[in-house]
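S.K.: Sequence and computational prediction follow.
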Amino acid sequence: MAETLVYNPYAFTMHDNPYDTYRRLRDEAPAYWNPDLRFWALSRFDDVLEAFRNHETYSSAGGVALEGRRPIDKTNPRFHEIIEMDPPEHTVMRGLVSRVFTVRRVAQMEDEIRRIVNHCIDTVIESGHADLMADVAGCFPMDVISAVLGIPECDRDMLRECADRGLVREDGTMEIPQEGVEAILEVLAYFTEDLERRRAGEVPGGGLVSDLLESEVDGRALTEQELLGFCLLFVLPDSRRRPRWWAAPSSCCRAIPASGPLWWPTRPWSPRRWRRSSASTAPPSTCTAPSPATSRCTANGCGRETRCCC
């Protein structure tokens, strides 16, 4: 007799080997209901693709994490993230960031990125030993993001440590532990103060945060909540996701992002051979596919009754 199908995205065992459960979801329960955590999960590609395209039915406005669900018409009073917006608001806000991350702008950062990477490597060489996650994958991506934001080097270690604590969860439960709550509040407090210092001209170097301070949407400046939302969006998810990308670039895996009420499998991915001496020859999936142990959860609320083709 087959074991009862249970999908709990907060269970540590789920992250150790999620793919058997993914397969069973697609085969046995393509529209899966978890009565304990009270969410639906879609697992077949066509269903999820349709859900992504239909933002009027599947809205991101009620939060994108199960632990942060709220009524669709209620915004977060502390910060407003772009990933919790639907079109057309999302389209406008995404355009702000797209204008910053142009090919020319990224090319101008090449020397700074090389300096950050070389510093990580030099530190490893000087110590005589290396822990890939702690010494390279954990610090390099977040330091690059901090450079993009314009965060002073003296604050980057502290910010990375807070971001890591902000993503701590207990096995099997979706509640944010007190340690995580305190860390998130520390990050919010840091950026609240940072924005004030930038307005006063006390932070040299500019960066994306300064660019957003000077940006306008429909003839108005971004609100404090919108600015904080951008800052948290870059710092909190990236502190865990990007290190895993870099820690497992050569793994042959099925890149399957996941979500709370929405779950979608992408196409199988197989890395091509590439020269170890040049990251520019690596397959694009090296920089975009999550590692085998990673699940990405996104919760979308249903704005109206719907029916899946399951």
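M.R.: Perfect, I can see it now.
S.K.: drop to CA atoms for contacts and neighbour counts, all remaining ones
M.R.: Will do.
S.K.: And the strands in the chain?
M.R.: 31-34, 39-42, 58-59, 216-217, 220-221, 301-302 (DSSP state E).
S.K.: same for the third one, what does it pack against?
M.R.: Packed against strand 58-59 by the contact rule (3 or more C-alpha pairs under 8 Å, 6 or more residues apart in numbering; DSSP states H and E) you find strand 301-302.
S.K.: can you pull the pLDDT of residue 187?
M.R.: Per-residue pLDDT puts residue 187 at 94.
S.K.: Wait, it touches residue 164, no?
M.R.: No - if you go by C-alpha atoms under 8 Å, residue 187 and residue 164 don't touch, sitting 10.7 Å apart.
S.K.: between these two, who's got more neighbours?
M.R.: residue 187 (22 against 19; other C-alpha atoms under 10 Å).
S.K.: The more buried one and residue 36, how far apart?
M.R.: 31 Å (C-alpha to C-alpha, to the nearest Å).
S.K.: same deal with residue 204?
M.R.: Applying C-alpha to C-alpha to residue 204 and residue 36 gives a distance of 50 Å.
S.K.: repeat for residue 85
M.R.: 27 Å.
S.K.: which of the two has more neighbours?
M.R.: A count of neighbours by other C-alpha under 10 Å puts residue 85 above the other of residue 85 and residue 36, at 21 against 7.
S.K.: Could you check the pLDDT of that one?
M.R.: Residue 85 carries a pLDDT value of 87.
S.K.: Could you pull up the residues touching it?
M.R.: By C-alpha atoms under 8 Å, 6 or more residues apart in numbering, the contact list for residue 85 reads 60-61.
S.K.: same question, residue 24
M.R.: residue 5.
S.K.: separation between it and residue 235?
M.R.: Using C-alpha to C-alpha, residue 24 is found at 34 Å from residue 235.
S.K.: Repeat that for residue 30.
M.R.: In terms of C-alpha to C-alpha, residue 30 sits 33 Å off from residue 235.
S.K.: Break down the stretch 1-150 of the chain into its helices, ranges please.
M.R.: Ranges of helices within the stretch 1-150 of the chain are 12-16, 19-28, 45-53, 89-100, 103-108, 110-127, 140-149, based on DSSP state H, counting those that start in this stretch.
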